[in-house]
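Colleague: No letters, just coordinates:
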Ligand SMILES: [Mg+2]
Ligand SMILES: [Zn+2]
């Protein structure tokens with residue numbers, strides 16, 4: 001589902017997809033309130049650097065807190081506005097935000113089916129590819145969780161980049177998670193800044 005859309009007047013055939021929580025801002029556990037907004041130090045500047053590349057900048061985020069009634073869609077969108085404002089103030093852009101408001105695949109209540117948009121499902125990437133006419137094989141995804149890498153692999157993304165700034169990695173789940181073997185990123189970095197430099201290099 002689209003939570004924000006601002007295609008702009010330039011046309012590209014590829015995109016840089018970024019997960020939100022744990023990549024742009026600290027994942028304090030379903031952040032949704034203004035006081036929980038803790039962007040990483042380099043966030044706005046990195047997004048401004050990525051915005052100079054010939055690619056759409058698109059956020060894709062699982063928001064199961066909407067399914068569990070922890071917060072509503074408007075609260076989610078208000079949180080996004082904090083990010084958009086910071087990025088635009090630094091001279092960057094965000095072309096779209098797609099979100100999955102459903103339950104996470106690993107936490108489905110009895111009788112509830114998996115949706116296609118929850119990462120590692122490819123649904124949000126496919127929706128964006130259709131909206132923006134993207135070649136996903138030339139696109140890149142940056143995430144902090146195997147679900148982000150999995151979505152990228154399942155959608156046929158050109159390159160997948162893991163950053164270790166999310167709670168999943170910090171909590172040690174990365175080492176224990178069996179899906180780590182299934183969903184291997186092309187690159188792993190310890191900051192969005194390093195990931196940004198790699199994307200710039202790949203797009204040269
Ligand atoms: Mg994340
Ligand atoms: Zn979904």
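Modeller: Here it is on my side, so go on. Owing to the predicted nature of the structure, the values given are computational and were not obtained by experimental measurement. Numbers count the residues shown, from 1 in each chain. Ligands and ions are numbered 1, 2, ... in the order given.
Colleague: Need the residue closest to the centroid of the protein.
Modeller: For the chain, residue 19 is the residue whose C-alpha lies nearest the centre (Cα atoms, centre = their mean; 1.4 Å).
Colleague: And the average pLDDT for the longest helix seen in the chain is what?
Modeller: Of all segments of type helix in the chain, defined using DSSP state H, the longest is helix 73-89. For helix 73-89, the mean per-residue pLDDT is 98.
Colleague: Briefly note if that helix comes near ligand 2.
Modeller: No: using Cβ under 5 Å from the ion, helix 73-89 stays clear of ligand 2, coming no nearer than 13.0 Å. Heads up, the C-betas are built off the backbone N, CA and C, glycines and all.
Colleague: same for that helix, what does it pack against?
Modeller: Helix 73-89 makes packing contacts with strand 2-5, helix 43-51, helix 64-67 when contacts are defined by 3 or more Cβ pairs under 8 Å, 6 or more residues apart in numbering; DSSP states H and E.
Colleague: for whichever helix or strand comes after that helix, packing partners?
Modeller: Next helix or strand after helix 73-89 toward the C-terminus (DSSP states H and E): strand 96-100. Applying 3+ Cβ pairs under 8 Å, 6+ apart, we find strand 96-100 packed against strand 2-5, strand 56-62, helix 123-132.
Colleague: Which of the ones you listed sits closest to residue 198?
Modeller: Closest of the helices and strands packed on strand 96-100 to residue 198 is strand 56-62, at 15.6 Å (criterion: Cβ to Cβ).
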